[in-house]
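K.L.:
below is the sequence, then the predicted model.
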Amino acid sequence: MKSGYVSRAAYKLLEIQEKHKIIRPGSTVLDLGCSPGAWLQVACQQLGPPERGGTVLGVDIQPVVVPDRHCDSRVRVMQADARTLPPSVLHEYAPGGFDTVLSDMLQFTSGVNDVELSLELAGTAMHIATGYHFDLYGEALVQRVGFRHTGFLRPGGALVMKVYEGAGTNEFIRDMQKYFTKVARMRVDASRSMSREFYAVGLGRKPPPKLS
Ligand SMILES: C[S@@+](CC[C@H](N)C(=O)[O-])C[C@H]1O[C@@H](n2cnc3c(N)ncnc32)[C@H](O)[C@@H]1O
């Protein structure tokens with residue numbers, strides 16, 4: 001693309017960043033569903049100069065390469081299904097947790113189960129970020145990863161997830177309020193106008209509970 005971004009998805013994250021300042025210079029960022037890499041490019045730009053530190057880990061179920069040579073030293077990518085990503089892998093990459101977790105994950109949209117699929121993937125991102133497990137998918141997630149955890153998002157951190165509007169989305173947003181001091185739904189101009197897609201934004205993660 002003329003802009004240098006690998007896809008127009010970049011403009012969605014730029015809009016969210018402009019409004020909510022979810023990535024700060026020096027942040028540690030997790031980008032779920034990162035291929036082909038436009039959000040990796042935007043996230044990397046927001047880290048500021050290299051001396052500020054900051055890194056981005058991108059995960060995608062499809063093969064993925066770092067899209068921008070300028071970001072080579074600060075962006076790592078991994079091919080994996082986020083739904084079965086072992087917590088130990090995230091712990092190894094970011095032992096102190098992440099400041100920002102992004103999820104633009106989407107499965108093939110047939111139009112039939114879009115809402116359900118988007119909630120499964122957003123639920124996965126919520127689980128990774130906060131340890132959240134909700135009725136429909138939560139127990140399955142706990143079974144897959146083998147144990148409960150309190151999440152990899154640091155207190156005060158931000159979470160952004162793509163969600164399709166439909167049955168269950170209000171409940172999902174309501175659940176987010178238990179974990180974040182501020183929750184917003186954001187439709188971005190860069191989405192197709194007929195799309196039911198929006199981004200659920202959680203700001204200021206509340207301190208995680210102690211695991212018993
Ligand atoms: C809309 S694209 C993301 C675009 C990306 N944000 C960018 O800026 O280039 C959605 C991505 O989610 C990935 N995805 C879907 N299900 C996934 C899963 N279970 N685990 C990891 N990635 C997944 C797809 O492979 C696809 O690359």
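P.N.:
Okay, I see it.

K.L.:
okay, CA-based contacts and neighbour counts for the rest of this
P.N.:
Will do.

K.L.:
what does the chain have sitting close to the ligand?
P.N.:
For the chain, the residues in contact with the ligand (CA under 6 Å from any ligand atom) are 7, 9-10, 32-39, 59-62, 80-83, 104-107.

K.L.:
show me how to select, in ChimeraX, the buried members of those.
P.N.:
Buried residues among the residues of the chain next to the ligand (16 or more other CA atoms under 10 Å), as a ChimeraX selection:
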select :9,10,32,33,34,35,36,37,38,39,59,60,61,80,82,83,104,105,106
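
K.L.:
of the residues of the chain next to the ligand, which belong to helices?
P.N.:
Using DSSP state H, Ala9, Ala10, Ala38, Trp39 are the members of the residues of the chain next to the ligand that sit in helices.

K.L.:
the chain: strands as residue ranges?
P.N.:
For the chain, the strands defined by DSSP state E cover 28-32, 55-60, 75-79, 98-103, 153-164, 180-186, 197-205.

K.L.:
now Asp99: how far from the ligand?
P.N.:
Computed as CA to the nearest ligand atom, to the nearest Å, the Asp99 to the ligand distance reads 18 Å.

K.L.:
can you tell me which residues contact that residue?
P.N.:
By CA atoms under 8 Å, 6 or more residues apart in numbering, the residues touching Asp99 are Ile23, Ser27, Thr28, Val29, Leu153, Arg154, Gly156, Gly157, Ala158.
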